[in-house]
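>>> Task: produce atomic coordinates for the following.
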Amino acid sequence: MAKPLIGITTSLFLTEGGIMNGTKRQFVSDAYIQAVLCAGGVPVLLPIIAEQAAIVEQIAAVDGLLLSGGGDIQPQIFGEEPMRGLGTVLPERDTHELELVKLALASGKPVLGICRGCQLLNVALGGSIDQHLTEATVQHDQQSPGDYAGHTVILEHDSRLAGIWGDTVMTNSFHHQAIKAVAPGLWITARAKDGVIEAVEHETAPFAVGVQWHPELMIYKNPAMLALFTAFVNTANRK
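Numbering: from 1, shown residues only. Sure thing, here's the model as predicted:
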C-alpha cells in the first residue's frame, strides 16, 4: 500500500535586500515535514493560490490536510473589527486555507490543525477567535526552546486526544490568540488550567482535530507527541 500523501499549508514573506528584494517566497517549518515523515506519511507542500479549480485539485491530490501555524487570522472573517494586540494577517492565506478545510471535510479527508491551524479550523466552520489573550493567567507565549513543555493541558476523558495521552499532557505554547466561540460541529476536548481552549475535535468527521500547541517541535524530546501525527496519518491511508 502506498504511503498517504499529507498536504501541509504554507505561509509567505517578502525578501529584503539583494537582487531578490521584494520577491514573495512561500515556506513551512521543517518540523512539520519531519513529523509527517516520522508518522509514516509523505509530506506535500500546498502553496497559497487563489484559483478555485486549482485548490480543488490540491485537495484531490492529497489524502490528508495539515494546517500549519503562523500569523493571525483576519477578524472580519468571523464578524469582528481588528482589536488592539492583533498581529500580522495574510488575507490570501486565510482565503486559501478556509477553502482547503471545507473541501477536505466535504470529501471525508482527515484534517489536523496546529496552533493557527486549530483556530483556522474553528473559523472555517463558523467559530470565532479571541484576538489577544488578556485574561489568561497561564503563560501561553513562552520564550523557552520549542521542544520545552511549558504548561499542563487537561483533556476530556472520552476524546480522541485522551485516548492518545490520558487525562493530561504537558505542552509547549506559542500563541497570543485562542478559540473564543466554538464552531457548530466542534467540541472542546482540552483546556489549559486557566480555561483557555487548547484543542477541539469534530463531532462526526473521521478525523478533524485542532491543537493549540506545537507537537511537531516536541516529537524527539517527547516521542509521545508523535502519536498524534501517527493517528492522523493512519486515518489518511491511501486506498
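>>> Helices of the chain, start to end?
Using DSSP state H, the helices of the chain run over 30-38, 52-61, 91-106, 116-124, 160-165, 226-235.
>>> Just checking: what are the partner strands of the helix-or-strand element of the chain with minimal mean pLDDT?
Ranking every helix and strand in the chain by mean pLDDT, DSSP states H and E puts strand 11-14 at the bottom, with a mean of 84. Within its sheet, strand 11-14 is paired with strand 24-27 (antiparallel), according to DSSP bridges.
>>> Extract the C-alpha trace of the partner strand and format it as CSV.
Extracted in CSV, the C-alpha atoms of strand 24-27 (Å, rounded to 0.1, in the frame of the first residue of the first chain):
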residue,chain,number,x,y,z
LYS,A,24,7.4,36.6,-2.5
ARG,A,25,8.6,33.3,-1.1
GLN,A,26,6.5,30.6,0.4
PHE,A,27,7.7,28.4,3.2
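>>> Use 9 as the first number from now on
Got it, the first residue is 9 from now on, which makes the last one we talked about strand 32-35.
>>> which residues are in contact with it?
Strand 32-35 is contacted by residues Thr18, Ser19, Leu20, Phe21, Leu22, Thr23, Leu53, Pro55, Ile56 when judged by Cβ atoms under 8 Å, 6 or more residues apart in numbering. Placement of C-beta: from N, CA and C, glycine included.
>>> Of those residues, just say which sits nearest to Glu143.
Closest approach to Glu143 among these (Cβ to Cβ): Ser19, at 28.2 Å.
>>> I'd like a version of the contacts of strand 32-35 in CSV, one that adds neighbour count and distance to Arg33 as further columns.
Listed next are the contacts of strand 32-35 as CSV, based on neighbours: other Cβ atoms under 10 Å; distance: Cβ to Cβ, whole Å:
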residue, neighbour count, distance to Arg33
Thr18, 20, 10
Ser19, 17, 10
Leu20, 14, 6
Phe21, 13, 6
Leu22, 10, 8
Thr23, 12, 6
Leu53, 14, 12
Pro55, 13, 10
Ile56, 19, 11
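>>> In a markdown table, list the residues you listed along with distance to Met178.
Shown next, in a markdown table, are these (distance: Cβ to Cβ, whole Å):
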| residue | distance to Met178 |
| --- | --- |
| Thr18 | 29 |
| Ser19 | 27 |
| Leu20 | 33 |
| Phe21 | 32 |
| Leu22 | 37 |
| Thr23 | 37 |
| Leu53 | 30 |
| Pro55 | 34 |
| Ile56 | 33 |
